[in-house]
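[1] I'd like to go over a predicted model; first the sequence, then the structure.
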Amino acid sequence: MEMQMVKELLLQSLEHEMGGVKIYETALKCAQNEDLKEEWQKYHEQTQRHVQVLHDVLTQMQLDPEEQTPGRKIVHDMGQSFVAAMQAALGAGDPAQAECVACECVVHAEETDHFNWHLIGEVAKKMTGAEGKALKEAHKEVEDQEDEHYYHSKGWLRELSLQALGMKAVLPPPEERKHVKSAIGQARAEQSRMKH
C-alpha cells in the first residue's frame, strides 16, 4: 500500500470533516423545515465527532493532524465555497431557495464524505497492527452515520426541490421513515414515494 497516499487520504478526510462542521452550521441557518433542522443538528454533532475520530487516528498512526498539503488546501477551499454559496442564498431573501441550496451543498459534501470513508474502510482491511486496528475502529464507528447522512440528504434535496417546483413532496422524505443506509434502500425509498 502507498502510505503517502494513505496519509493524504486521512488528512484530506479530516479537512473535509472540519469543513463539514462549518457546512452544517451554515446549513442550519438556511433550514426552514423543523424535521430537517433536527436532522442537520444531529449530523452536525456527528460530524464534530468524526473530526475527533480522524484526529485521533492520525495521532495513533504517528502522523501530524495539522500537516498542510496542497490537496488538503483544495479540500478546505471547496468546503469554504459551499459555505459561501449558502451565505449568498441566505442573502438573496428567498428562504425556500436558500434551504434547497443548503441541501444541495450538504449532498455534495456528504457524497465526498461517503466516498472517503469507503476508501478508509478499504485501507483498514489491508492494514495490520495498531494502525490497522485504529482505522478499523474508526471506520466501524463512522461508516453507518456517513451512509445515513448521504442517503437521507439526497432524499431531502429531492423532496424540497419538488416542493419548490410546486409539485407534491413527501416530507420528511421516505429515506427518513425507512432509516435508509444503502444505495439499494435509497432507490427503494425513492420508488415508495410514488405510493404516497
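    Good, I have the coordinates. Numbering: from 1, shown residues only.

[2] ok, now which ones touch residue 15?
    Residue 15 is in contact with 72, 75, 76, 79, counting by C-beta atoms under 8 Å, 6 or more residues apart in numbering. Every residue, glycine included, has its C-beta placed from N, CA and C.

[3] cutoff 6 Å now
    72, 75, 76 (C-beta atoms under 6 Å, 6 or more residues apart in numbering).

[4] okay, which residue is most central for this protein?
    residue 110 (2.7 Å; C-alpha atoms, centre = their mean).

[5] thinking that one is in contact with residue 149, fair?
    Yes - contact criterion C-beta atoms under 6 Å: residue 110 and residue 149 qualify, at 4.7 Å.

[6] circling back: out of the contacts of residue 15, who's nearest residue 10?
    Closest to residue 10 out of those is residue 72 (10.1 Å), distances taken as C-beta to C-beta.

[7] ok, back up a step: which residues does the residue nearest to the centre of the chain contact?
    149, 150, 153.

[8] Can you give me the distance of the second one to residue 185?
    This points to residue 150. Using C-beta to C-beta, to the nearest Å, residue 150 is found at 11 Å from residue 185.

[9] Kindly list the main-chain dihedrals of residue 178?
    Torsion angles at residue 178 (phi, psi; degrees, to the nearest 10) stand at phi -90, psi 0.

[10] wait, I meant residue 165
    Here is the backbone geometry of residue 165 (degrees, to the nearest 10): phi -80, psi 0.

[11] before we move on, the earlier item: got the contacts of residue 15 as a markdown table, with neighbour count columns?
    Output for the contacts of residue 15, formatted as a markdown table (neighbours: other C-beta atoms under 10 Å):
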| residue | neighbour count |
| --- | --- |
| 72 | 18 |
| 75 | 21 |
| 76 | 17 |
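
[12] which intervals of the protein have sub-threshold pLDDT?
    By pLDDT under 70, the low-scoring segments of the chain are 194-196.

[13] Show the residue spans covered by the helices in this protein.
    3-30, 34-60, 70-91, 95-126, 129-164, 174-177, 183-192 (DSSP state H).
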